[in-house]
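Peer 1: dropping a prediction and its sequence here:
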Amino acid sequence: MFRNAVQPWHVLLVLVVCLLVFGSKKLPGMARSLGRSMRILKSEAHALRTDTPGTPERHDGP
């Protein structure tokens, strides 16, 4: 049913619609914030995978 669902012209159409809706001034900022969010998500997922269960967390504060 979804065979060949995403064609190159679909991606182009989505990009054009985004450009029309958000404008050319806001798109770089949105891409930058999306990249930051992806980096944070990746680092948190990595931290969850490397965290061993049963080890207490250390808090260096009052």
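Peer 2: Right, received. Where do you want to start? Treat the numbers as computed from the prediction; the structure is a model and nothing was measured. Numbers count the residues shown, from 1 in each chain.

Peer 1: check what pLDDT Leu48 gets.
Peer 2: Per-residue confidence for Leu48 comes out at a pLDDT of 89.

Peer 1: put the alpha carbons of the strand or helix carrying it into PDB.
Peer 2: Element membership for Leu48, per DSSP states H and E: helix 27-50. Output of helix 27-50 as PDB, limited to C-alpha atoms (Å, rounded to 0.1, in the frame of the first residue of the first chain):
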ATOM      1  CA  LEU A  27      13.500  28.700   8.400                       C
ATOM      2  CA  PRO A  28      17.200  28.900   9.400                       C
ATOM      3  CA  GLY A  29      16.300  29.500  13.000                       C
ATOM      4  CA  MET A  30      13.800  26.600  13.000                       C
ATOM      5  CA  ALA A  31      16.400  24.300  11.500                       C
ATOM      6  CA  ARG A  32      19.000  25.400  14.100                       C
ATOM      7  CA  SER A  33      16.600  24.700  17.000                       C
ATOM      8  CA  LEU A  34      15.600  21.400  15.500                       C
ATOM      9  CA  GLY A  35      19.300  20.400  15.300                       C
ATOM     10  CA  ARG A  36      19.900  21.400  18.900                       C
ATOM     11  CA  SER A  37      16.800  19.400  20.000                       C
ATOM     12  CA  MET A  38      18.100  16.300  18.000                       C
ATOM     13  CA  ARG A  39      21.500  16.600  19.700                       C
ATOM     14  CA  ILE A  40      19.900  16.800  23.100                       C
ATOM     15  CA  LEU A  41      17.700  13.800  22.400                       C
ATOM     16  CA  LYS A  42      20.600  11.800  21.100                       C
ATOM     17  CA  SER A  43      22.800  12.600  24.100                       C
ATOM     18  CA  GLU A  44      19.900  11.700  26.500                       C
ATOM     19  CA  ALA A  45      19.200   8.400  24.700                       C
ATOM     20  CA  HIS A  46      22.900   7.600  24.900                       C
ATOM     21  CA  ALA A  47      23.000   8.400  28.600                       C
ATOM     22  CA  LEU A  48      20.000   6.100  29.200                       C
ATOM     23  CA  ARG A  49      21.700   3.300  27.300                       C
ATOM     24  CA  THR A  50      25.000   3.600  29.200                       C
END
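
Peer 1: which residues sit against that helix?
Peer 2: Under the criterion CB atoms under 8 Å, 6 or more residues apart in numbering, residues Cys18, Leu19, Phe22 lie in contact with helix 27-50. Where C-beta positions appear, they are placed from N, C-alpha and C, glycine not excepted.
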